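Chemist: sequence first, predicted model second:
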Amino acid sequence: MTHDPVNKPVHYNQAGLECIDAITAMTSTMKGECGYLAGNILKYIWRHEYKNGLEDLRKAQWYLNKLIETYMEKHQ
């Protein structure tokens, strides 16, 4: 198999599952900003061991904090 960093990056494929497919499944019923934020959380957690380690975990945490803030604003 040829390395293809654009169409099949290694850091977005785990156990034969593409991150984009997991994100799509997870966010398909979410609305607006919440889906975007949740997708980024999953993306950074998904790839952290293969790409940027702690930096990706901190990015996931940032997006999670923003998702919590957004959720709280909508559900007061």
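Modeler: Okay, I see it. Numbers count the residues shown, from 1 in each chain.
Chemist: would you map the strands across this protein?
Modeler: 13-14, 17-18 (DSSP state E).
Chemist: any low-confidence regions in the chain?
Modeler: 1, 7, 9-12 (pLDDT under 70).
Chemist: the longest helix along it - contacts with which helices or strands?
Modeler: Identified as the longest helix of the chain according to DSSP state H is helix 54-74. Contact here means 3 or more C-beta pairs under 8 Å, 6 or more residues apart in numbering; DSSP states H and E; on that basis helix 54-74 packs against helix 32-47. Every C-beta, even on glycine, is put in place using the N, C-alpha and C of the backbone.
Chemist: picking up where we left off before, mind listing residues that contact the longest helix of the chain?
Modeler: 33, 34, 37, 38, 40, 41, 44, 45, 47, 48, 52 (C-beta atoms under 8 Å, 6 or more residues apart in numbering).
Chemist: buried subset of those residues?
Modeler: 37, 38, 40, 41, 44, 45, 47, 48 (16 or more other C-beta atoms under 10 Å).
Chemist: contacting residues for the fourth one?
Modeler: Think residue 41. 60, 63, 64, 67.
Chemist: cool, and the last one?
Modeler: Contacts for residue 48 were tallied using C-beta under 8 Å, 6+ apart; they are 54, 56, 57, 60.
Chemist: which of these sits closest to residue 3?
Modeler: Using C-beta to C-beta, residue 56 is the member of these that lies nearest residue 3, at 20.6 Å.
Chemist: name the nearest residue to the closest one, ignoring sequence neighbours.
Modeler: residue 48 (3.8 Å; C-beta to C-beta, 6 or more residues apart in numbering).
Chemist: same thing with residue 60?
Modeler: residue 44 (3.8 Å).
Chemist: same deal with residue 43?
Modeler: Residue 43 sits nearest to residue 19 (C-beta to C-beta, 6+ apart), 6.0 Å away.
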